[in-house]
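J.: Got a predicted structure plus its sequence, pasted below:
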Amino acid sequence: MNGVPVSAYLALALILFCIGLYGALTKRNTIIVLISIELMLNAVNINLITFSKMGIAPSITGQIFAVFVIAVAAAEVAVGIAILLALYRNRKTVNIDEMNELKH
Amino acid sequence: MDLEKLLSFDWGLMAPEFIILIATVLLTLLDLFLPKKVNRRILGWIAFASVLVAIAALGGLLGEQVGSILHDTFRLDSFAKAFKLLLLVGSALVLLLAIDYQPKEGLNEYRGEFYYLFLTGLLGTMIMSSSGDLITLFVGLELLSISSYILAGLRKKNLKSNESAMKYVINGSISTAITLFGMSYLYGITGSTNLKAMAGTLTTLNDPQYIYLLGLSFFMIFVGLSFKLASVPFHMWAPDVYEGAPTPVTAFLSVVSKIAGFVILIRVMVSIYSAIPMEDGTTPMLFGLQDFIGFLAAVTMIVGNLVALRQRNIKRLFAYSSIAHAGYLLVAFTAMSYVMFDSIWFYMLAYVFMNLGAFAIIQLVTTKVGSEDIAHFAGLYRRAPILAVTMAVFILSLAGIPGTAGFIGKLNIFLGALMVSPSHYVLASIMIATSVISYFYYFGIMTQMFFRPRAEEGKLKVPAATTAVLIICAAATILFGVMPQLAFDFLQSNFNQFLDFMG
Amino acid sequence: MTFSGEFLAFILLALVAISGGVLLLNLTKVVHMVVALVFTFISIAGIYILLSAEFLAVVQVLIYSGAISIIMLFGIMLTKHNDEEEATAKGGKWRKAFLLLGVLAFGAVFYAGIYNLDFGSTPVALHENNAEQIGISLFSDYVIPFELMSVLLLVAFVGAIVLSKKDEEKEGEKE
Amino acid sequence: MENAWLIPLFPLLSFLVLLLFGKRLKEASAYVGILLTLASLVFSVIVLVARLTDATFKAEADWLQIGDLQLTVGFEVNQLNALMLVIVSLVSFLVHTYSKGYMHGDERFPVFYAYLGLFTFAMLGLVLSPNLLQTYIFWELVGVGSFLLIGFYFNKESAKAAAKKAFIMTRIGDVGLLIGMILLFWQTGSFEYDEIFASVHAGEVSGTMITLTSILIFIGAVGKSGQFPLHTWLPDAMEGPTPVSALIHAATMVAAGVYLVATMFPLFAASDTAMSTVAIVGAFTAIFAATIGLTQTDIKRVLAYSTVSQLGYMMLALGAAGYVAGVFHLMTHAFFKALLFLAAGSVIHAVHTQDIEKMGGLWKKLSFTAPLFLIGTLAISGVPLFSGFFSKDEILIAAWANGNYVLFWLAVIAAFFTAFYMFRLFFMVFAGKERSDMKKVHESPFTMTGPMIVLGILAVVSGYVNTPWFGTFLGDWLVDGNEALGHGHIEGPAWIMIVATVVSLAGIYLAYLMYSKKTLARDWFTSRAPTLYSIVVNKYFIDEIYNSTFVYATKAVSLFLRFIELFLVEGLVKSVTGIVKGLGKTGSKLQSGQVQTYSTVAFVGLAVLLIIFALTGGYF
């Protein structure tokens, strides 16, 4: 009935997660770092929705979980950007590796 | 769901949460409508009062049976009550500190926000402590996280504060993503988010592929949550964030937030992963993977204590020390002895008092001079003998010197690690060795306070709220060090060895 | 395996999503990166439809492709626009190499667990009245987290305002 | 005896009172301290007298319950405790009194008394403890007290360093003790002394475990009692005020290690290996420290090394199954060593230097201190009729009777050295020419000489409680009702006593020849002992031999040992701390301030865990 196996979806999610992670840990621009993290959360959502349809015991719960994840992700981004703006005001940079006032 | 059904639940169980929630709303409105001239400190006192009322409400619930609302999305068992109590007490003390917090630059405009964001963070931790559902746990966790991100950056004119908040958000979001990725697999293999239902499904599993995936999810969740614990490998943010955040927030992060991290860790790990059989079919996964947790605990203790030796900034030093304490607590978690709950609870109790007490003094000394170098503690004994002796009590307790609550806490964990079979000798020895190392930096502070000529002139004025914190913390540290049985009796009579954790 | 329409759709969407991600990693202009990611987000919405989650697909488009991307663009505009991603500073090379190894290992370890995963379960009818199902579940079983979510959003709201608001430098008057 | 628990509370009270009101009391603080320790002393004496006739008393209360483990607190009065109580409270009382004069004019006078109170409390608490856990608690507290007291002159860089060193070195020992204690607990399920001994006696603990735990506990004792190789902190600890040295580093704290071994004696006795370890370490320390003592020129450091050496003696005694001998020497040593330190303090007080090269001819100036110092020196040298003679004799007999002939001879040689360097010290300080720059020297006030007189009397008479001539009261009483402790008195060949006497006299004579003879005509010693002088006809001849061979040899050995101490032992400790610090440095370097590094570390850590799991957890 369904041509696409569950493993394909999971693999896609895995790849996106890895890309997001790599981006989050290597990109210099803080905004890109934040958006890469969003990509990771999206990968999680693909997982959840896949399992919601084709998991061991399919149920709507996975989608509910995904709704919450999306909402939280949006809130996190908003706060992240706000903090970035505050930081930008004090120090004219968005480069993450220039945030090294605190170390050692 | 109609009203009748809605009212059929025993919402009284959530009384403490409701109190905090109402207080939050009240504070928000007050902050909005009160004229600008009114000192926002009054809001702090309201927040403090609401936490006290919540403690009282929780006290009223102590005798209740296990209660559950809506398929365990809210669950009040003895575990929840015991740890919620700690969270509330810790928050009450932190609030008192926050009321007296007067940094040189910029918190005044946002004092009101400060208090109610604080309460929402507390609400998040409380939800985390009493939930039997992954979704609620997750939302509680995020409520705490987002509140603390903002709190850390609230001194927005201060570059360090901004930077600390930014670092916190980035690391925190990544940790969230990692945790969630693990949780998604957990959901996939059990088809539920309810912890009890999940455990039920998992006991019947025996497909090695599922077990393998569950093992992977175990690590994902553990590492993700280790962000909140500030334990290895997700510990490196802590010193930077602790240094940059406003001092009461640092206190909040190192005490309340850390306790909440342990609460959710225990909740998830013990209820789910102890239900999964490993390949041999008998050992639960949690025990099968004990070596890994033990290893992480050991590295946490070593890293925390070793790097602390190098610190000159008192807040960073306490960040590392708090990493080390997370390691000690993980030892108890690794050992999984039947007194685990008791010993973790007691250790946290001791930790609340000794660490917050120390932070009270740190706040007092550092905000006066506007710098956090340890050198400012030099000759504290000359400036303010009683303050120095009080600080000495906290430090001795953190170091685990007998006669203080910290010692009993360590002793419990230690005995717990040896009582189980096979005993965790190595872990126990590392724990001893690293606590010996910790003496060096703790006694470094002592040397500064007692054996140095005074660095600063002028009297230190101790504000009322801080005095209260100091008295409470010092008294409790000594009291539970000399008569720990008080705490254990309380545990036994009210929580009955946490037998209803799974039930 | 037959090339059903669904399979074809999956392959296409997956390709777009992944290439959006790869572009994110390789582009140099910050704005371009965000746009690349919008494609990824939209194709993820398509994947949701394949997985009978129509409601979430809509939400995905609205929130990610819409709201979040816009926030990001605003963020870029409000800070240093036209910023270009530069080569990483010294010491970054080693970290990248380690990270790449770590990511690959991570992917491999997980892939080993999922490449032949099949639960063999019968799918339930999630696509019928998808939004209604979600609504019922959300407002019956998950009332508590839902209400908490409102607190969380309030917090984020307040936080965003407080942190990004430009303060007038008139503190003397306020005190 | 039911009220014995009050004894430690008096000094605690003193500590608290002085902490709160010290600033207002100023020098009147001394009276608070003195009176309260006097109360402790009175109670201790009452307890001791009661214990002479009554049976052991033990009272306990529940303290803490973890699971089904029941931990208790309480106190116990047995022979050893009762004796120690009196020793500790007596010395502490005398030191309190003495300090009133010695510390006069110090701006932190009340603080000093507060610390003294804290320390005395801890020490008395330690002595009364009926179980290992409680012992450990007070053990740590004693460490804290001594840390504070050694570092009392914190403006001196060396004092700070010494306090730190003492803290670190004893800490190493404490780890051993803690691990040993926990192991014992794990094996026997109890911290109580009597329960541990019972299960050891019943054979519930395997032989290797007994050996292991007793050696670990011994490591704790090594740290506290300054045994090789953890002894280096003790000479450095002389940076503390002299009364502190007398209290802590002569009579009480350093004796705690010996006390611990004595208390745990039944455990040690169950393992031959443990016993011989104790004996060998003791004997080696005795001779090692004595040899180093030969070359020191700081009056307090000489005494410090002699303390190390004497503690080695005690350990040797215990290890050679001479329980009574060890405890006996602990007692006599407490008196004469405290006397020596107080007298040394009096000298320092008078001449304001600690360098014996700069002293000389003080006999007439210090008409109280000098004879008292002489008494102490005679006692420690083991001259017959003084207390040290009897206790040292017991130790030698015990070592001989146990069949440790090598150790026996080592002890004899150490005794010779002891006599030699102690009299070297004596002659260099009190005999010889008066220094011109010592004109203003004056005798110390009565608050200082008074305690010294008391100790002087005790240094003479305390030996008579246990002699082969008049009866072995102490020994018989100590082992009464407990055969695990061995015999009250060990019979030994009579020649041992003669050997001991000869050896110590030879040492004294040698010292006399070398450090005093050149001023024979003017010196008091010559005029009073002309016979001794005339006996040595070939003095030059002997002298030459001594000078050319013996002196060179000992000096060489001594320097060599000091070298070992400096470079090997301390080097080891330093390199360990160096490694620790280096690791800390690396760790803090990693903390580069780069957020992404932090997450990378976390994620790579996760990946490593996953790989290990995948490879070992068995899916592949």
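T.: Now that the structure is in, tell me what you want to look at. Residues are numbered from 1 along each chain as shown, chains lettered A, B, ... in the order given.

J.: So B:T282: helix, strand or coil?
T.: Secondary structure for B:T282, judged by DSSP: H, G, I helix; E, B strand; the rest coil, is coil.

J.: Would you mind naming what in the stretch 201-350 of chain B lies close to chain A?
T.: B:T201, B:P239, B:D240, B:V241, B:E243, B:G244, B:R310 (CB under 8 Å from any CB of the partner chain). (Each C-beta comes from the backbone N, C-alpha and C, glycine too.)

J.: any idea which element the nearest residue to D:K23 once chain neighbours are set aside lies in?
T.: Of all residues not flanking D:K23 in the chain, D:P110 sits nearest, at 6.6 Å (CB to CB, 6 or more residues apart in numbering or on different chains). Per DSSP states H and E, D:P110 falls inside helix D:109-128.

J.: Over to D:V244?
T.: Going by DSSP H and E, D:V244 is part of helix D:242-246.

J.: export the next helix or strand after that helix as PDB, just CAs?
T.: Next in sequence after helix D:242-246, counting helices and strands by DSSP H and E, comes helix D:253-263. Taking Å, rounded to 0.1, in the frame of the first residue of the first chain, the C-alpha atoms of helix D:253-263 are listed here in PDB:
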ATOM      1  CA  MET D 253      47.800  15.700  67.000                       C
ATOM      2  CA  VAL D 254      50.900  13.800  65.800                       C
ATOM      3  CA  ALA D 255      50.200  11.300  68.500                       C
ATOM      4  CA  ALA D 256      46.700  10.800  67.000                       C
ATOM      5  CA  GLY D 257      48.200   8.500  64.400                       C
ATOM      6  CA  VAL D 258      49.800   6.400  67.100                       C
ATOM      7  CA  TYR D 259      46.600   6.500  69.000                       C
ATOM      8  CA  LEU D 260      44.700   5.300  66.000                       C
ATOM      9  CA  VAL D 261      47.000   2.400  65.500                       C
ATOM     10  CA  ALA D 262      46.800   1.600  69.200                       C
ATOM     11  CA  THR D 263      43.000   1.700  69.000                       C
END
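
J.: mean confidence for the helix or strand following helix D:253-263?
T.: Later in the chain than helix D:253-263, the nearest helix or strand by DSSP H and E is helix D:265-269. When pLDDT is averaged along helix D:265-269, the result is 83.

J.: Quick check: which ranges of chain B have low pLDDT?
T.: B:1-2, B:104-109, B:279-281, B:456, B:502-503 (pLDDT under 70).

J.: Do a quick rundown of the strands in it.
T.: B:67-69, B:74-76 (DSSP state E).

J.: what's the first one packed up against?
T.: Where contact means 3 or more CB pairs under 8 Å, 6 or more residues apart in numbering or on different chains; DSSP states H and E, strand B:67-69 is packed against strand B:74-76.

J.: how about the strand it packs on against chain C, any contact?
T.: Yes: part of strand B:74-76 sits near chain C under the criterion CB under 8 Å from any CB, namely B:F74.

J.: so what strands line up beside that strand?
T.: strand B:67-69 (antiparallel) (DSSP bridges).

J.: for the strand it pairs with, which positions count as buried?
T.: B:G67, B:S68, B:I69 (16 or more other CB atoms under 10 Å in any protein chain shown).

J.: State the distance from the first one to chain D.
T.: Separation of B:G67 from chain D (CB to the nearest CB, to the nearest Å) stands at 27 Å.

J.: Thought B:W11 was touching that residue, still the case?
T.: No: the criterion here is CB atoms under 8 Å, and B:G67 misses it with B:W11 at 10.1 Å.

J.: Closest residue of chain B to chain C?
T.: The minimum distance from chain B to chain C, using CB to the nearest CB, falls at B:I150 (3.5 Å).

J.: Count the neighbours of D:M209 for me.
T.: When counting by other CB atoms under 10 Å in any protein chain shown, one arrives at 17 neighbours for D:M209.

J.: try the one 3 residues further on
T.: Residues contacting D:L212 under the criterion other CB under 10 Å number 20.

J.: residues in contact with it?
T.: For D:L212, the contact set (CB atoms under 8 Å, 6 or more residues apart in numbering or on different chains) comprises D:G180, D:L183.

J.: Show me where chain A has its helices.
T.: With DSSP state H as the criterion, chain A has helices at A:6-26, A:30-54, A:61-90.

J.: quick one, which of the ones you listed is packed in tightest?
T.: Mean neighbours per residue, mean count of other CB atoms under 10 Å in any protein chain shown, is largest over those for helix A:30-54, with a mean of 27.

J.: any idea how far that helix is from the chain center?
T.: 5 Å (CA atoms, centre = their mean, to the nearest Å).

J.: B:H325 versus whichever residue of the stretch 201-350 of chain D sits closest to chain A, what's the distance?
T.: Closest to chain A within the stretch 201-350 of chain D is D:W233: 31.7 Å, counting by CB to the nearest CB. Applying CB to CB, to the nearest Å, the value for D:W233 to B:H325 is 29 Å.

J.: Show me which of the two is the more surrounded one.
T.: B:H325 (32 against 28).

J.: what's across from D:L71 in the sheet?
T.: D:L64.

J.: and the one helix or strand D:V222 maps to with helix D:253-263, angle?
T.: Element membership for D:V222 (DSSP H and E) is helix D:207-224. Helix D:207-224 runs at 160 degrees relative to helix D:253-263, counting by axes from the mean of the first three to the mean of the last three CA atoms, to 10 degrees.

J.: Now do the contacts for the residue nearest to D:K23.
T.: D:P110 neighbours (CB under 8 Å, 6+ apart): D:L18, D:G22, D:K23, D:L25, D:K26, D:E27, D:S29.

J.: need the residues of chain C near chain B, please.
T.: Looking at chain B, the residues of chain C close enough under CB under 8 Å from any CB are C:109-110, C:112-114, C:116-117, C:119, C:139-145, C:148-149, C:151-152, C:154-156, C:158-159, C:162-163, C:167, C:171, C:174-175.

J.: Give me the subset of these lying in helices.
T.: Counting by DSSP H, the part of the residues of chain C next to chain B found in helices is C:109-110, C:112-114, C:139-140, C:143-145, C:148-149, C:151-152, C:154-156, C:158-159, C:162-163, C:171, C:174.

J.: can I see the domain layout of chain C?
T.: What automatic domain parsing lists as the domains of chain C is C:1-81, C:129-175.

J.: Compare those domains and report which one is nearest to B:M446.
T.: domain C:129-175 (39.0 Å; CB to CB).

J.: from the middle of its chain, how far away would that closest one be?
T.: That offset, for domain C:129-175, works out to 19 Å (CA atoms, centre = their mean).

J.: And chain A, is that domain touching that?
T.: Yes: Domain C:129-175 is in contact with chain A by CB under 8 Å from any CB, via C:130, C:133-134, C:137-138, C:142, C:145, C:149, C:152-153, C:155-157, C:159-164, C:166.

J.: and that domain, what's its mean pLDDT?
T.: For domain C:129-175, the per-residue pLDDT averages 80.
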